Structures are given as structure tokens and as C-alpha cells.
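Student: Sequence first, predicted coordinates after that:
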Amino acid sequence: MIPFLDLKAQYASIKDEVDAAALRVLASTQYVLGEEVAAFENEFATYCGARHAIAVNTGTSALHLALLAAGIGPGDEVITVPFTFVASVSAVCYTGARPVFVDIEPRTLTMDPSRLEAAITPRTKAIMPVHLYGQMADMAPIMEIAQRHGIPVIEDACQAHGAQYRGERAGSIGLAGCFSFYPGKNLGACGEGGLVVTNDDATAKAIRMLRDWGQEQRYHHTLKGFNYRMDGIQGAILRVKLRHLEGWTEARRANARRYTSLLRDVETVTSPTEALDRRHVYHIYAVRSADRDGLKQNLDAAGIATGLHYPIPVHLQKAHADLGHREGDFPVSEQAAREVLSLPLYPEMTSDQVATVVDAIAQATMVKPPRAALRVG
Ligand SMILES: *Cc1c(COP(=O)(O)O)cnc(C)c1O
């Protein structure tokens, strides 16, 4: 039995540090925001190479506030991709703006910059690429087009803690970068968490106010704000885990390299592409298979857990039917949704476990000899 990820193994490896951090907050009674959250913000900003970090309660809230701080509201359009977790698109809807999709490129499954300009209208007020699976979108052409049109870029880096594009960290290139600390993410809280990084002082100030009821001083509400604050316990635990993140990321990358090299001999599946100018942090290791559902069934039967990220692109979800899209509108996303299968991958996974998964894939997809051939002899 190989699980999809193993949070118990991670906890066991850092139990003493995590327990001490949580107990410190219980004793301090700083249960919401407070010193631990402020220290985590500073440490995560440094990690990303950004000036400011503002911690919030979820990655979705991070996206929502980054969009609001960029001035997005009803009547505006925000360009993003349909092949993502639904939260990227929901955050746009929360502001009252309309999500406008551009398709992804088939190799990296991130926003296709060659389709971006055609989607820009006078109403376009932000561009939100998604750094899917832990690999950054092709930021240089996206930033070039955005700057030429004077449109801010908000990075959905919820799957991409520590990823790099030409040496620059996820979240530090656009106006703002948004992270999630949902437990299964590469950096995960013991509960919910999120954060925005930005190099822009005014954006940082607006997000800081918006997360805490829009107040500049207590009970002086300058903006219509939200209760999107991070818990003290999460801040303290995330500080502990941040110290381990680079080691975990390197372990993920080593396992990804093992998968890719072993899968070279398995013709029925295609390994993910890591672009040469990027550091992929492998939140998800997704292969592609023409018979994805059959392969998933066979792996289930062999005791190997897999995932589907994501089986239905957002433009075909019922919840977003009001956008008026149909099958065929974004064919690259639709094909990816039919073909991707996420394999188990986590830092504590051993090379034997990786080999076991690859053997099971090879067996499951082996070309079976025709019946006649079996009878002979
Ligand atoms: C996880 C995720 C989110 C939302 O983060 P939450 O913390 O679950 O709200 C947004 N976008 C992407 C791409 C994600 O993977």
C-alpha cells in the first residue's frame, strides 16, 4: 500500500519542534495574528525574495485580497486559466469581476503566453497565471505583455512554494503572489493558512488592512474589510516547517527525477516536463496516459493511491456555467483533464516506493499478447 502523501511521516520527523511551537502559542495566548505570525511573515518574505508578506487564513483569501488591493471589482475582467483548482476562479468571482480564460500550453500545463494578448480587452484589470503542480508559468512573456498594457499580474503560487523562474522565486515577479498552507501543500499548516507576498508598499498596506476588518487603527475602518486573519498556532508551526522546506523540496525533486528516469522505459505514459529555465517543486507529479481511467483503476487494485488534478476544467464546471462556455472552447485544458494522473510523491517517499509505483504502471499498461498467442504451446 503506497499512500498519495504521508503527513504522519512528516509530523513524526519534526514532532518535538512542532509541539513546542504550538505549546508556546497556547501559553502566550496570542491566538490570532501576534508575534509568531509576524515573525513567519518576515521569514517567508525573505524566503521569497519579496519586501512584504501578509499572512491570512487561506490561499483563497490571499487571492481575493490581492485582487481587491489591485482595485479589481464589478465590471472588470481578470484573465486566468481553466486548468486549475476552482479556487483561482472563485477568488475572481468574489470581487464581482468576470473570469476570462486563456488555454494552457501542452508541455508545462501553465498559461500559454501566445494566447494571452488576444484575450485582453479594455476591461481587463489583472492577469492571474497559475504556477500549476509547482512549476511556474512562463513569466517573462506574460510580464512583457502585461506591462505593455499596464495590467497588474497576480501570481497564483498556491502550489509553488520555493519554485523559481530564471532564478526568481514564485510570488516575487508580479504585483503580488499568493500562497496556500493547506495541510497537503508543500508547506502546510496544521489547519488552514495563506499568505500574500508583494514588493509594493501600497498593496501590502491595503492587504494588511483588508484582512483585519479594513482597520488602520482599532475601530477605525478605512476599508470594507474581512476577517481573514491567520491563527497564532499556524504561524508558529509554519515557522518550524519553513526551516525544513528546502530539504523537503530537494527530496521531492529527487523522487521526481527517479520517476522520470524509470518511466522512460514505459511507453504508455508521459512524464511531466520541467522547463529548462525553471525550478519545479513537484507539489504534484502528474503523468499523462491515453487510458488514464484504466490505469488509475489498475493502480487502485495494486494498492497505489493516485489523484486527479483536475478531472474537469473550470470552464466546464456547473458552478461556472453562467460564463457560457462549452466543450471545445479550451481544447488543451480539456485534453489534459482527460489524461493527467497524479502519482504518489512526498519528501519521505523512498526510492523503493517510487520503483514499486513504476513497476505497477508498467504491469498495468503492458501490451497483452493476443489470446491466440497464449494458447500456442
Ligand atoms: C490550494 C489552492 C488554492 C486555494 O488555497 P486554499 O488554502 O485551499 O484556500 C488556490 N489555487 C490553487 C492553484 C491551489 O492549489
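Tutor: Nice, thanks for sending it over.
Student: Could you use CA atoms for every contact and neighbour count after this?
Tutor: OK.
Student: what residues are up against residue 228?
Tutor: Residues in contact with residue 228 (Cα atoms under 8 Å, 6 or more residues apart in numbering) are 56-58, 61, 210-212.
Student: Same check on residue 75?
Tutor: 96-98, 123.
Student: pLDDT at whatever residue of the stretch 151-300 of the chain ends up closest to the ligand, what is it?
Tutor: Relative to the ligand, the nearest point of the stretch 151-300 of the chain is residue 180 (4.1 Å; Cα to the nearest ligand atom). On pLDDT, residue 180 comes in at 98.
Student: Looking at strand pairing, list the partners for it.
Tutor: Taking DSSP bridges as the rule, residue 180 bridges to residue 194.
Student: Where does pLDDT dip in the stretch 251-377 of the chain?
Tutor: By pLDDT under 70, the weakly predicted segments of the stretch 251-377 of the chain are 367-377.
Student: Give me the phi and psi angles of the one residue sitting closest to the centre of the chain.
Tutor: In the chain, the centroid-proximal residue (Cα atoms, centre = their mean) is residue 159; its distance is 2.0 Å. The phi and psi values for residue 159, taken as degrees, to the nearest 10, are phi -110, psi 10.
Student: That one is in contact with residue 132, isn't it?
Tutor: Yes: judged on Cα atoms under 8 Å, residue 159 makes contact with residue 132 at a distance of 6.3 Å.
Student: Please identify the residues of this structure in proximity to the ligand?
Tutor: 58-60, 84-85, 87-88, 156, 158-159, 180-182, 193-194 (Cα under 6 Å from any ligand atom).
Student: hmm, try it at 8 Å
Tutor: Taking Cα under 8 Å from any ligand atom as the contact definition, the chain meets the ligand at 57-63, 84-88, 130-133, 156-159, 179-182, 185, 192-194.
Student: Just those: which are in helices?
Tutor: Assigned to helices by DSSP state H, the following of the residues of the chain next to the ligand qualify: 59-63, 87-88.
Student: so residue 174, which of the three states?
Tutor: The assignment at residue 174 comes out as coil when based on DSSP: H, G, I helix; E, B strand; the rest coil.
Student: so who does it touch?
Tutor: If you count contacts by Cα under 8 Å, 6+ apart, residue 174 has them with 143, 152-155, 198.
Student: on that earlier part again, give me the neighbour count for the residue of the stretch 151-300 of the chain closest to the ligand.
Tutor: By the criterion of other Cα atoms under 10 Å, residue 180 has 31 neighbours.
Student: do the same with residue 126
Tutor: Residues near residue 126, counting by other Cα under 10 Å, number 26.
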